[in-house]
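**Q** Generate coordinates for the sequence data below:
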Amino acid sequence: QVQLVESGGGLVQPGGSLTLSCAASGIPFRLYAMGWYRQARGWQRDLVATITSDGNTNYVDSVVGRFTISRDNAENTVYLQMNSLKPEDTAVYYCHAIHQTDYDFIGKYGYWGQGTQVTVSS
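**A** Reported below is the predicted structural model:
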């Protein structure tokens, strides 16, 4: 059974930082590309960042220079370090996993976590 369990969300003031974690089980983690997506209330789920099985990263323009995705294959965990947070970063953040060979379909197929709420507000 595949499980992706996110943690680390919460309430933070503008300009603050949070680190999200996603612990994966039931998959050969090192063979999977991982991603973080977010969904604000009333909006569709959008890509935030991805990391391939060999560590190549990709970010949506709005988070470049502020967010960093990383992975620890020994711990089967992917992280999203979020700095300089803005109110518009408020959303439910979802962890996503897809086999690296299916990377072209990232976001369309694969596995999802249950989400963790991030709220940026003063």
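**Q** Surely Tyr37 and Gly107 touch.
**A** Yes - using Cβ atoms under 8 Å, Tyr37 is in contact with Gly107, at 6.7 Å. Bear in mind the C-beta positions are built from the backbone N, C-alpha and C, glycine included.
**Q** neighbour-wise, which of the two wins?
**A** Neighbour totals were compared for Tyr37 and Gly107, and Tyr37 leads with 23 against 14 (other Cβ atoms under 10 Å).
**Q** what pLDDT, on average, does the particular helix or strand that has that one in it get?
**A** Element membership for Tyr37, per DSSP states H and E: strand 32-39. Averaging pLDDT along strand 32-39 gives 98.
**Q** can you check stretch 49-57 too?
**A** 97.
**Q** Straight-line length of it, end to end?
**A** The first and last residues of stretch 49-57 sit 7 Å apart, counting by Cα to Cα, to the nearest Å.
**Q** Also stretch 90-108?
**A** One end of stretch 90-108 sits 23 Å from the other (Cα to Cα).
**Q** How far away from the center of its chain is stretch 102-118?
**A** Centroid separation between stretch 102-118 and its chain, computed with Cα atoms, centre = their mean, to the nearest Å, is 8 Å.
**Q** Give the bridge partners for the residue nearest the centre of the chain, please.
**A** For the chain, the residue nearest the mean C-alpha position is Trp36 (2.1 Å; Cα atoms, centre = their mean). On the basis of DSSP bridges, Trp36 is bridged to Ala49, Cys95.
**Q** quick one: contacts for it?
**A** Shown in contact with Trp36 (Cβ atoms under 8 Å, 6 or more residues apart in numbering): 20, 22, 48-50, 69, 78, 80, 93-96.
**Q** which among these end up buried?
**A** 20, 22, 48-50, 69, 78, 80, 93-96 (16 or more other Cβ atoms under 10 Å).
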